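Participant: Sequence and computational prediction follow.
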Amino acid sequence: MRKTNYYLLFLLLFMAFPQGCELTDDGTYTAPITLYERIGGTWAMSSLTQVDEVAKVNDLTPVEEALTNKFTFKSFKIALHVDSLFQPTTYEVTGTAPELFATSGYWQLDEPFVHADQTASNILLYSDEARTQLTDKLTVLTIPGTKAVLDFSLTRMDNGSPFVSYVYKLKSAN
């Protein structure tokens, strides 16, 4: 009986020893991925659609009109620059497309992460480096992920009511 007890004690210690001394490598701290890492870069036009918001509300037709092949929108590119820490810096629009919003300035997102309430993120465009003079707001419709596509809309308002939107569908130009 005593020999069996020693044997069980030895077995128990042998099984517990390797588990007790094993260190778990959790790795080093990595900062969470922000939307700046996904949205920053150069984007080229895939398509542009004009949406008549008044017609949409009143169930009138036509509601949408494709503008991609009109007014040379196909040459539209937007570069959303970020620094080495993925913080937003400047933006610039190139191409011969008509100017629907300012062609250069500074940008940032309203939140660096996806909104917890699942509302759309907004790209805020500014004319000054201090980001005090907001010139336009682009609503992000599709965030780049497994596919390198970025969709956003620019909505024009009159007395707080939207009357026209432009839906930009872009692909990575990098």
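Facilitator: In hand now; what should we look at?

Participant: what residues are up against Thr103?
Facilitator: Listed by C-beta atoms under 8 Å, 6 or more residues apart in numbering, the contact partners of Thr103 are Glu92, Val93, Thr94. For glycine as for every other residue, the C-beta is placed from the backbone atoms N, C-alpha and C.

Participant: could these be laid out in CSV, adding pLDDT and secondary structure?
Facilitator: Output for these, formatted as CSV (pLDDT from 0 to 100; DSSP: H, G, I helix; E, B strand; the rest coil):
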residue, pLDDT, secondary structure
Glu92, 97, strand
Val93, 95, strand
Thr94, 93, strand
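
Participant: Distance of Tyr168 relative to Ala97?
Facilitator: Separation of Tyr168 from Ala97 (C-beta to C-beta, to the nearest Å): 10 Å.

Participant: overlap in contacts of the two?
Facilitator: Common neighbours of Tyr168 and Ala97 (C-beta under 8 Å, 6+ apart) are Met45, Phe76.

Participant: ok, and what's touching the strand or helix carrying Leu154?
Facilitator: Secondary structure from DSSP states H and E places Leu154 in strand 149-158. With C-beta under 8 Å, 6+ apart as the test, strand 149-158 has contacts from 39, 43, 46, 51, 53, 100-101, 123, 136-144, 162-172.
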